[in-house]
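> Sequence first, predicted coordinates after that:
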Amino acid sequence: MVLPMAPRRQKDLINRLADVGEEAFSRVAGSQTTARVLEGMTGMRERLDDVHKKMRGLDALERRVVKLEQRLDSLEKPRSGAGRTTPRSGSAKSPAQKASGTRATGTASPTPRKKPRPSS
């Protein structure tokens, strides 16, 4: 009767495999290479956390930029109706400048001279 022996062999095989696995695991865990890999992974995790924090800060900045761009677009759109309410620099004249004949830059405007008529 071989039946009582078969379960015992199976248990022995499982125990041997478990022992070999434990030995391999202890070798890997005690290795300097494993320690370096774990240190690298820990450092990578910390760096990834820092990058994540910075990226969350970028989201807020992007929202601010979008709002500022929309505001700038609304200010740059030409207004319909009477036109600009502020004078353009360099080309608009104040009422006093119109009367005196000076430009907005402060220089006198040349007055056209009449050509003398030829005498006949």
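Received it, and whenever you're ready, just let me know what you need.
> and residue 75, how many neighbours?
Using other Cβ atoms under 10 Å, residue 75 has 7 other residues around it. (Glycine included, C-beta is placed from N, CA and C.)
> what about it, distance to residue 68?
Residue 75 sits 10 Å away from residue 68, going by Cβ to Cβ, to the nearest Å.
> Also residue 40?
Residue 40 is 41 Å from residue 68, where distance means Cβ to Cβ.
> Kindly report the same for residue 36.
The value you get for residue 36 to residue 68, if Cβ to Cβ is used, is 47 Å.
> One more: residue 12?
Per Cβ to Cβ, residue 12 is found 75 Å from residue 68.
> same question, residue 41
Residue 41 is 41 Å from residue 68, where distance means Cβ to Cβ.
> Likewise for residue 44?
For residue 44, the distance to residue 68 (Cβ to Cβ) stands at 36 Å.
> show me where pLDDT drops low in this protein?
For the chain, applying pLDDT under 70 flags the ranges 1-6, 79-120.
> remind me, longest helix of it?
As assigned by DSSP state H, the longest helix anywhere in the chain is helix 32-76.
> Give me the phi and psi angles of residue 31.
Here is the backbone geometry of residue 31 (degrees, to the nearest 10): phi -70, psi 140.
> Give me the neighbour count for it.
Around residue 31 there are 11 residues (other Cβ under 10 Å).
> How about the contacts made by it?
Neighbour list for residue 31: empty [criterion: Cβ atoms under 8 Å, 6 or more residues apart in numbering].
> And it, how far from residue 43?
Here the distance between residue 31 and residue 43 works out to 18 Å (Cβ to Cβ).
> Kindly report the same for residue 78.
Distance, residue 78 to residue 43, using Cβ to Cβ: 56 Å.
> Neighbour count: these two, which is higher?
Higher neighbour count among residue 78 and residue 43: residue 43, with 10 against 6, using other Cβ under 10 Å.
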